[in-house]
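J.: Have a look; sequence and predicted model below, questions after that.
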Amino acid sequence: MIRVVKVLIDGATNDLTFTYSVPDGVSVQPGQRVRVPLRNRKSIGTVTDVESIDPASLKYSLKPIDGTVSDDPFLTPGLIELAHWIAGFYLASVEAVFRTMLPKPSRGEAEKRKTEKHVMLAVSKGDIDFEQFSGRLAKQGDVLRELREVESISLARMTGELGFSRSSIKSLEEKGLVRLTEKIVTRDPLAEMEYVESAALKLNDEQAICLKEVLASSERVSRGEKVKPILLYGVTGSGKTEVYLQAIEKTIEEGKGAIVLVPEIALTPQTADRFKQRFAKIQDEVAILHSNLSEGERHDEWRKVLDQKARIVIGARSAIFSPITNLGLIVVDEEHENSYKQDIVPRYQARDIAVVRAHLEKCPVLLGSATPSLESWQNSEAGKYDLVTMRQRIDDRKLPLIRIIDMRQEARRQQSGPAILSLKLREAIEKRLENGEQTILFLNRRGFAKNILCPECGYVANCRHCTTTMTLHRKDDRLICHICGFSQLPPRRCPECDSRSILNAGYGTERVEEVLRKVFETARITRVDTDAMRKKNQLRDTLSAFKAKKIDILIGTQMIAKGLHFPNVTLVGILNADVGLHIPDFRAGERTFQLLTQVAGRAGRGELEGEVIVQTYTPHHPSIQFARHHDFEGFAEQELMMRRQFSHPPFVHVALITVRSVHQERAEFTLKTLHARMKHAIPDDIVLTEPLPSPLVKSHDQWRFQILLKSPQARKMARHIHEVMKSLTFPDDVIVTVDVDPYSLG
Ligand code: ADP
Ligand code: ZN
Ligand code: ZN
């Protein structure tokens, strides 16, 4: 018998594996990365299977692998199985999923790791005759004494901080008394932080019930029983995080690992610190993965998990692929968040993948939110998920009082310019400033003006590369496209009619900051958005300053909407609740409801009661009215009724097929061909729409056209789409993408 491996080569689009033999003495496991010859070239691939076969059964001789990238497999058996599931469901190649699962420095011919030169003794310390190092050689003696009690010291430290000369070390090396070695170093941006342990809190009744449910689920799983995912619906400030923390503590006590997913935007330093503090004793066993890490730092955190040094992972979307072997719990916080969906191939939804991974690896999964996604809510209504609820805020704090301001009236009253601050909001801020309390103002649009236009001829500044308007950024004095990033100088006169009376229309956070500084001259105001927070650690520092009450008013975008906890904030203002409400997407209402509830939830989290002021031009919209009354269940009921009526998710799965090309006619023609083929090949119970231009018809210079398919059975639909796609070849300058369960309709 000989050992052979099946290898999926990097870059393979068709999931076909090649078989190689394994030389004696080389150990290989599934998930390991190997170097192999392929058509006389050197390639890299991932081992998917290891088998023993009878050489007599071979019709041709196998080539051996050239070697392994590292001694250990990078993917666990669980992850390999998960990758196949994802590939089938989201119509991606298995190889593309593997690539997503691995940090970049691990994907090459060798794992790229950072090393450092270290100095160590080359002989045992008892064998050194210190007497001989006197006089001229005294310095060399000092080097040896320094190294006597430690394993090694980095060369940089020896010659820097400790002040030894390179030449004494070199002489000792020549005498064979010390040795230089390369040591692997771990890049950890939080390594220097000292965390003070925060003890577990005594749970209130609702929290205790919830934790019990999770632990019971854990126990049932250990006994080999099947369990359902748990949906935790808990209002903002009900103490969900405390439940997660205690559930994780138990998981760790049992010797198992845990993954906590947090939306990127909520993965603020505050969240990370909360976990590091609770587990301060085992601080190094907590890996944190967020997008501000460098590639190297990300790799090193992943390595810690792979080496089983870290057993708790907190991270955004891709952390769901952490190579934890003995998984005991997966938590998905703010499970409704759209950022769990990846918008490049593989287009997976991390919350859904959490449920699948938990099922495959037999562990409990807890999805938490104050505004559950309608998908999860419907799953609990249908009995597929267990529901636990926490309706009370901690210490029976009241949910904030929400006032709705009708900006149509306000605009009439204020007359000049767009009404940015209503009278009510202005007075409310003044009151907070007098009382030394803090205010958060929220506007989901950055920049100074939404666009610029000419009142004489109707000209609007559009992006040259996209069918969208350009946003004015005043500090940079640029018009910027928020879709493709293209920027240009704002025209001083109308390019169409040469009029000078060009206007700013609509407003963004930059403008609000300017207005606030004028109105509240002495207030300390800080803006938080991607333009203002460009430097590393700037967000961390700003939030700390806000916590320390060094800032009175925080004005910001999404960045401050989620997960923040500041007890002294008693006022939250939502400047324009209508941003995002009127886009052509069936989820617009759901998103607005979620956002209003989440932002409002930042108020009144301390001793003092909170107030929320919502400015809107559509005060009677159901999303706004239900949010005002903190009525998630009412909102869900009426929204689900509508979704059912119009066959929208969660009652069906949707697949969005988009065709893009710089040539408009070719994109359109390709889509029509595809549509005709689909119509022919797809069974009647799968709904197929007519081909249409995408809502954003041109983006990054590419024209976009789309069709939608709908069916309650996602996998069946995916199989049919796959068959049709396989049977067609597309022109080189046309790109066809399929998005299963899309979050943006284009
Ligand atoms: P949520 O995630 O539901 O919005 P948090 O977990 O942020 O709520 O909890 C809000 C605040 O209440 C936090 O400051 C937290 O430390 C505190 N808290 C949570 N549980 C308890 C408890 N059982 N006793 C006292 N304080 C608690
Ligand atoms: Zn004009
Ligand atoms: Zn653009």
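T.: Great, that's in hand. Residues are numbered from 1 along each chain as shown. Ligands and ions are numbered 1, 2, ... in the order given.

J.: Can you name the residues of the protein sitting close to ligand 2?
T.: For the chain, the residues found near ligand 2 under the criterion CB under 5 Å from the ion are 454, 456-457, 459, 494, 496-497, 499. All C-beta atoms are positioned from the backbone trio N, CA, C, and that covers glycine.

J.: could you point out which element follows the lowest-mean-pLDDT helix or strand in the chain?
T.: The weakest-scoring helix or strand in the chain, judged by mean pLDDT, DSSP states H and E, is helix 407-414 (a mean of 83). The first helix or strand that comes after helix 407-414 along the chain, using DSSP states H and E, is helix 423-435.

J.: for that next one, packing partners?
T.: Counting contacts by 3 or more CB pairs under 8 Å, 6 or more residues apart in numbering; DSSP states H and E, the secondary-structure elements packed against helix 423-435 are strand 401-406, strand 438-442, strand 569-574, strand 611-616.

J.: and the third one, does that touch ligand 1?
T.: No. Judged by CB under 6 Å from any ligand atom, strand 569-574 and ligand 1 are separated, with a smallest distance of 12.5 Å.

J.: Please work out which residues outside the following helix or strand past that strand touch it.
T.: Reading on from strand 569-574 to the C-terminus, the next helix or strand found by DSSP H and E is helix 588-600. With contacts defined as CB atoms under 8 Å, 6 or more residues apart in numbering, helix 588-600 is touched by 236, 334, 336, 338, 370-371, 373-374, 399-400, 402, 440, 442, 444, 561-562, 572, 574, 577, 580-582, 612, 614, 621-624, 626-627, 630, 632, 635, 639.

J.: what about 6 Å?
T.: In this structure, residues lying in contact with helix 588-600 by CB atoms under 6 Å, 6 or more residues apart in numbering are 336, 371, 400, 402, 442, 561-562, 572, 574, 580-581, 612, 623, 627, 635.

J.: May I see the buried residues of it?
T.: For helix 588-600, burial by neighbour count (16 or more other CB atoms under 10 Å) applies to 589-600.

J.: List just the nearest of these to Arg136.
T.: Taking CB to CB as the measure, Arg136 lies nearest Gln598 of the buried residues of helix 588-600, at 71.2 Å.

J.: who in the stretch 201-350 of the chain is up against ligand 1?
T.: 201-204, 207, 234, 236-242.

J.: Among the residues you listed, which pair sits farthest apart?
T.: Lys202 and Thr236 (20.9 Å).

J.: In terms of neighbours, single out the busier of the two.
T.: Taking other CB atoms under 10 Å, Lys202 and Thr236 do not tie; Thr236 has more neighbours (24 against 8).

J.: which of the contacts of helix 588-600 has the most neighbours?
T.: Counting by other CB under 10 Å, Phe442 has the largest number of neighbours within the contacts of helix 588-600, with 30 neighbours.

J.: Pretty sure Val7 sits in a strand.
T.: Yes. According to DSSP: H, G, I helix; E, B strand; the rest coil, Val7 belongs to a strand.

J.: which other helices and strands contact the least confident helix or strand of the chain?
T.: Secondary-structure packing of helix 407-414 (3 or more CB pairs under 6 Å, 6 or more residues apart in numbering; DSSP states H and E): no helix or strand packs against it.

J.: Report the buried residues of whichever strand or helix holds Arg298.
T.: Counting by DSSP H and E, the element that carries Arg298 is helix 295-306. Of the residues in helix 295-306, 296-306 count as buried by neighbour count, 16+ other CB under 10 Å.

J.: What average pLDDT does stretch 620-640 get?
T.: Mean per-residue pLDDT for stretch 620-640: 96.

J.: Stretch 104-113 now?
T.: Averaging pLDDT along stretch 104-113 gives 89.

J.: contact partners of it?
T.: Contacts with stretch 104-113, where a contact means CB under 6 Å, 6+ apart, come from 70, 74, 184, 295, 299.

J.: Would you check which pair of the residues you listed lies furthest apart?
T.: Of all pairs in the contacts of stretch 104-113, the most separated under CB to CB is Ser70 and Glu295 at 17.1 Å.

J.: want to throw the residues of the chain next to ligand 2 into CSV with neighbour count, secondary structure and pLDDT?
T.: What follows is the residues of the chain next to ligand 2, written out as CSV (neighbours: other CB atoms under 10 Å; DSSP: H, G, I helix; E, B strand; the rest coil; pLDDT from 0 to 100):
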residue, neighbour count, secondary structure, pLDDT
Cys454, 21, coil, 95
Glu456, 15, coil, 93
Cys457, 12, coil, 94
Tyr459, 17, coil, 95
Cys494, 21, coil, 95
Glu496, 13, coil, 94
Cys497, 13, coil, 95
Ser499, 14, coil, 94
